[in-house]
Each structure stands twice: as C-alpha cells, then as structure tokens.
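**Student:** give me a 3D structure for the following:
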Amino acid sequence: MSRRRQIYEGKAKILYEGPEPGTLIQYFKDDATAFNAQKKGTINGKGVLNNRISEHIFTLLGNIGIPHHFIRRLNMREQLIRQVEIVPIEVVVRNVAAGTLSKRLGIEEGTQLPRTIIEYCYKDDALGDPMISDEHIACFGWASQEEMHDIADMAIRINDFMSGLFAGIGIRLVDFKLEFGRIWDNDYARIILADEISPDGCRLWDMTTNEKLDKDRFRRDLGGEVEAYQEVARRLGLLPEGGDNPVLDLESHRKKRGK
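**Tutor:** Residues are numbered from 1 along each chain as shown. Okay, here's the model as predicted:
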C-alpha cells in the first residue's frame, strides 16, 4: 500500500490527500494544546471520540440544510472531507461569559449573556489568533461582505440547533468556535462549514452541576479529560450506555474507579 501524501498538520488533526480529486482525509490526533500551543499534552482516545462526535453533529447540521465539508467517516480516526479553501477567520459564538471574554471584560464566568455574541479572530498561531472586526476583514480582503453575511447567518443557525441539541441531553452550550471554507464552481465561490465540532472547540457544561465536559479540563489542569469527552459522546448516544450512571461529578467518578 502506497504511503499517503500529507497535505497539512495542525494541532489536533492531519490532512492527507484524498482518494478522489477535491477530497481530503482528515485524521484526528490525541494531541492536546492550549493557549496557542504554549501548553501541550495528550488525551488518550480523544481523536477517536472527536471523530465520532464531529461526524454526528455535521450529519445533523446537514439534515437542517447547513452545507459542510464532511462526506463520511472512514474509520475510528479518519473521515473523508471535501477540500476547501479555508477562510482565515475563526468564528466564536458565545452564549455564556467564559474564557477570554470574562478576562477581557471582567464579567463573571457563567453569566448568561443578554444576547448571543459572534466574535471573529484572525487565524494565525504566531500572532495568537487576534480578535478582528468586520472592518479588518473588509480592509484586508479576508472575506467579502456577502461571504460574511453567509458566515454570520450559518453561525446563528448552528448555534440555535446545537443549543437545543445539547440542552436536550442536559448540557449547556457556553460557547464554541467554527471555521468555514470556500468551494469553487468555476468563478463562483460558495461558503460551507469546515474543520470539526467537538469538545476541543466547544465549552460544554453539565446543566445541573456546571461540571466542565470539554478541553477546559486540560487547559485548567482539572483532570478527567477522557471521562468528560466520553460523557459527551455517551449522552449523544454515540457510546453504549452499559450499566454506568451518567457522570455528573468527574472527581468522584475518578475516585470510584481508583484513578
């Protein structure tokens, strides 16, 4: 079997040349990073869980008419995707004050925002993904006004859907990040959802206990990252129920398991 050609390696994924023109294979790693890769580590099995969770959410979003790059899952760690030209803008959707928003504006973490906020950051690790405005985007030609309308519209629709999806399984969708890409048809470009949606890029809190079920457990040295990701997958119906009760308190859960 011939070795696949690697196209790109990021912090959490590797992209390989796909089997057909216009396709790529997206491989999910177990590597974990925080604070623009200043903190590095490994969460065993993270890639497998994120692959499955992202597949599930992208499939559901496709069912409500959100265009995306996902084609199908190939195996435990890989999925076939459409090749896109990534728009160099990270879209952050916030429903609850947390993370950098709380630090920047002095708002207590966990405060419900009066309305959903959409923020934009320029995708550049060396610069620390600085926050940008619509004016910056227009000035430097990172996306057209029409493309930004499409991106904002999709971001709100995705947020509405995902907020309901997670609320239905007892999880509060605090905030999350999205990336978009262009699909070209001759001279016409269409914006579609790209990258992944998983606990790596979402803040997910248990509605009852406020237990963090996302990468903040790694960022803040809380431990229990694997259990948190597994719990999200389990509640989404992606892991067998077995005989275990829902994990609402990760600390006591780990003690019970002798970890």
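
**Student:** just checking, residue 96 touches residue 159?
**Tutor:** No. Between residue 96 and residue 159 no contact is recorded; they are 11.8 Å apart, counting by C-beta atoms under 8 Å. In short, each C-beta sits where N, CA and C put it, glycine included.

**Student:** ranges for the helices of the stretch 1-150 of the chain?
**Tutor:** Along the stretch 1-150 of the chain, counting by DSSP state H, counting those that start in this stretch, helices occupy 46-63, 99-105, 134-140, 145-167.

**Student:** would a markdown table of those with mean pLDDT, mean neighbour count and distance to residue 190 be doable?
**Tutor:** What follows is the helices of the stretch 1-150 of the chain, written out as a markdown table (pLDDT from 0 to 100; neighbours: other C-beta atoms under 10 Å; distance: least, C-beta to C-beta, whole Å):
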| stretch | mean pLDDT | mean neighbour count | distance to residue 190 |
| --- | --- | --- | --- |
| helix 46-63 | 97 | 20 | 15 |
| helix 99-105 | 96 | 13 | 31 |
| helix 134-140 | 97 | 13 | 18 |
| helix 145-167 | 98 | 16 | 8 |
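
**Student:** could you dump those to a markdown table with distance to residue 207?
**Tutor:** Output for the helices of the stretch 1-150 of the chain, formatted as a markdown table (distance: least, C-beta to C-beta, whole Å):
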| stretch | distance to residue 207 |
| --- | --- |
| helix 46-63 | 18 |
| helix 99-105 | 19 |
| helix 134-140 | 33 |
| helix 145-167 | 7 |
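
**Student:** nearest to residue 85, of those helices?
**Tutor:** In terms of C-beta to C-beta, the element of the helices of the stretch 1-150 of the chain nearest to residue 85 is helix 145-167, at 11.2 Å.

**Student:** quick one on the thing from earlier: so which of the helices of the stretch 1-150 of the chain is nearest residue 224?
**Tutor:** Comparing these against residue 224 with C-beta to C-beta, the closest turns out to be helix 46-63 (12.6 Å).

**Student:** show me what that closest one is packed against.
**Tutor:** If you count contacts as 3 or more C-beta pairs under 8 Å, 6 or more residues apart in numbering; DSSP states H and E, helix 46-63 packs onto strand 23-28, strand 70-73, strand 78-82, helix 145-167, helix 225-235.

**Student:** now those in CSV, with distance to residue 112?
**Tutor:** Formatted as CSV, those follow (distance: least, C-beta to C-beta, whole Å):
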stretch, distance to residue 112
strand 23-28, 32
strand 70-73, 31
strand 78-82, 34
helix 145-167, 12
helix 225-235, 21
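
**Student:** so which of the helices of the stretch 1-150 of the chain comes closest to residue 201?
**Tutor:** helix 46-63 (9.1 Å).

**Student:** which outside residues touch the closest one?
**Tutor:** With contacts defined as C-beta atoms under 8 Å, 6 or more residues apart in numbering, helix 46-63 is touched by 12, 27-30, 32, 68, 70, 73, 76-79, 158, 161-162, 165, 193, 196-200, 225-226, 229-230, 232-233, 236, 238.

**Student:** which of those are buried?
**Tutor:** 12, 27-30, 32, 68, 70, 73, 77-79, 158, 161-162, 165, 193, 196-200, 225-226, 229-230, 232-233, 236 (16 or more other C-beta atoms under 10 Å).

**Student:** what comes up buried for stretch 5-19?
**Tutor:** Buried residues in stretch 5-19, counting neighbours by 16+ other C-beta under 10 Å, are found at 12-16, 18.

**Student:** and it, how far from the chain's centre?
**Tutor:** 17 Å (C-alpha atoms, centre = their mean, to the nearest Å).

**Student:** so what touches that stretch?
**Tutor:** The contact list for stretch 5-19, computed with C-beta under 8 Å, 6+ apart, reads 4, 24-29, 31-33, 37, 47, 50, 80-81, 83, 125, 196, 200.

**Student:** cool, and stretch 149-168?
**Tutor:** 57, 60-61, 64, 66, 87, 89, 91, 93, 95, 116, 118, 143, 172-173, 176, 178, 180, 191, 193, 197, 204, 207.

**Student:** let's see which of these end up in strands.
**Tutor:** 89, 91, 93, 95, 116, 118, 172-173, 176, 178, 180, 191, 193, 204 (DSSP state E).
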